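K.L.:
predicted model, plus sequence, below.
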Amino acid sequence: MEVCFWGVEARKQGRTVLAVPELALGQQATTAVLGPNGAGKTTLLRLAAGLERPARGKVLLDGEPAERAGPRRAAFAFQRAVFLRGTVRENLDLALRLRGVGPDGRRQRIARVAELCGVGHLLERDALQLSGGEAQRVNLARALALEADLVLLDEPLSGLDGPSRESLLADLPAMLAASRATVVLVTHDRDEALLLAQELVLLLAGRVEAQGPAGQVFRRPPTLAAAAFFGYTVLGSLAVRPGALALGGEQPAARFVVERVVDLGTQLAAEGRAEGRIIRVAVPPGANPPAPGDEAAASAPPDAVLRYGDDGRLAE
Ligand SMILES: Nc1ncnc2c1ncn2[C@@H]1O[C@H](COP(=O)(O)OP(=O)(O)OP(=O)(O)O)[C@@H](O)[C@H]1O
């Protein structure tokens, strides 16, 4: 399904929180909408679902206004799962009944998504008593059970502890592929976006800062602001790929005074300030770590350094 935004502006309490002149989603199976807190990600998703109308412009699902098409063709999994009293099975059943699915269809679909999402053992449990991880899986199962053309997932991994997150992160691609829907998922985590999506849209302060194939946008962020969000170290007009800075080198990209040396578990890193920002620089294995107060130089391989123009856009 194609999701198009044309001249869209969304306002909250008189403030413009999202401004999207033109954006088309859905060319790839899964698109990640990435951005920091308050960037407008949930608003964009709600507009696509037709749960909100823009103050200006149009949101179209395969050419039809989202507020009309959304209730039929989109399934939305909210960031915090909302369940009604009753068992998980009853909650899934209700969602399907509301979409007009008959009893046999409901039984089959519940069995299918329970297997797919690994929640078969939870079906007879009280939906209000699930753990955070169980609730997230049931939330996904409910959205996928609708067999909608467009599946919208708001932070599907939020609130999960490390192992639960890893387990769902590993299972999600297969779950989404089996649904054969166009999936748009919101996350503020770069790695989550890269692991789950082929297409990436980066929102910063209500505007689309970058869009394109996920790996490519990460490798060559089109603006310094996008690079900074992706974890690049910004040094004036240069952006250095995450983890690429190391102490020493012939032509250092930065000189700094070491403030502390941190043990990151697998390596030591020297921390200090360059161009007004904190930088963290790997201490090469076997090298003597510097001491706080030492002057140090940091360099990176040329292919890990991107140059930006005065307008903040990628120069080459
Ligand atoms: N009901 C509301 N009333 C007023 N302002 C709102 C309302 N809902 C959202 N906003 C504001 O709109 C902006 C965008 O919110 P949105 O929830 O879309 O951001 P987000 O990128 O999803 O953030 P997060 O990652 O924190 O969930 C924020 O500044 C938020 O404070």
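P.N.:
Thanks, I have it.
K.L.:
buried set for the longest helix anywhere in the chain?
P.N.:
Secondary structure of the chain per DSSP state H: the longest helix is helix 162-179. Within helix 162-179, the residues scored as buried using 16 or more other CB atoms under 10 Å are 164-165, 168-169, 172, 175-176, 179. Every residue, glycine included, has its C-beta placed from N, CA and C.
K.L.:
just the CA atoms of it, as PDB, please.
P.N.:
This file holds the C-alpha atoms of helix 162-179, laid out as PDB (Å, rounded to 0.1, in the frame of the first residue of the first chain):
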ATOM      1  CA  GLY A 162      17.300  -6.600  27.400                       C
ATOM      2  CA  PRO A 163      16.600 -10.300  26.800                       C
ATOM      3  CA  SER A 164      12.800  -9.700  26.000                       C
ATOM      4  CA  ARG A 165      13.800  -7.000  23.600                       C
ATOM      5  CA  GLU A 166      16.400  -9.200  21.900                       C
ATOM      6  CA  SER A 167      14.000 -12.100  21.600                       C
ATOM      7  CA  LEU A 168      11.200  -9.900  20.000                       C
ATOM      8  CA  LEU A 169      13.700  -8.100  17.800                       C
ATOM      9  CA  ALA A 170      14.800 -11.500  16.500                       C
ATOM     10  CA  ASP A 171      11.200 -12.700  15.900                       C
ATOM     11  CA  LEU A 172       9.700  -9.500  14.500                       C
ATOM     12  CA  PRO A 173      11.100  -9.700  10.900                       C
ATOM     13  CA  ALA A 174       9.500 -13.100  10.300                       C
ATOM     14  CA  MET A 175       6.200 -11.900  11.900                       C
ATOM     15  CA  LEU A 176       6.100  -8.800   9.700                       C
ATOM     16  CA  ALA A 177       7.100 -10.700   6.500                       C
ATOM     17  CA  ALA A 178       4.300 -13.300   7.200                       C
ATOM     18  CA  SER A 179       1.800 -10.500   7.400                       C
END
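K.L.:
and the contacts of stretch 258-265?
P.N.:
The contact list for stretch 258-265, computed with CB atoms under 8 Å, 6 or more residues apart in numbering, reads 268-273, 280, 283, 289-296.
K.L.:
buried subset of those residues?
P.N.:
Buried subset of the contacts of stretch 258-265 (neighbour count, 16+ other CB under 10 Å): 268-270, 272, 283, 290, 296.
K.L.:
wait, which of those is closest to the ligand?
P.N.:
Using CB to the nearest ligand atom, residue 269 comes nearest to the ligand of those, at 27.9 Å.
K.L.:
wait, what's in contact with that closest one?
P.N.:
By CB under 8 Å, 6+ apart, the residues touching residue 269 are 261-262, 280-283.
K.L.:
in terms of helices and strands, where is the nearest residue to it once chain neighbours are set aside?
P.N.:
Distance criterion CB to CB, 6 or more residues apart in numbering; nearest residue to residue 269, sequence neighbours excluded, is residue 280 at 4.7 Å. Applying DSSP states H and E as the criterion places residue 280 in strand 277-282.
K.L.:
thank you kindly, that will do.
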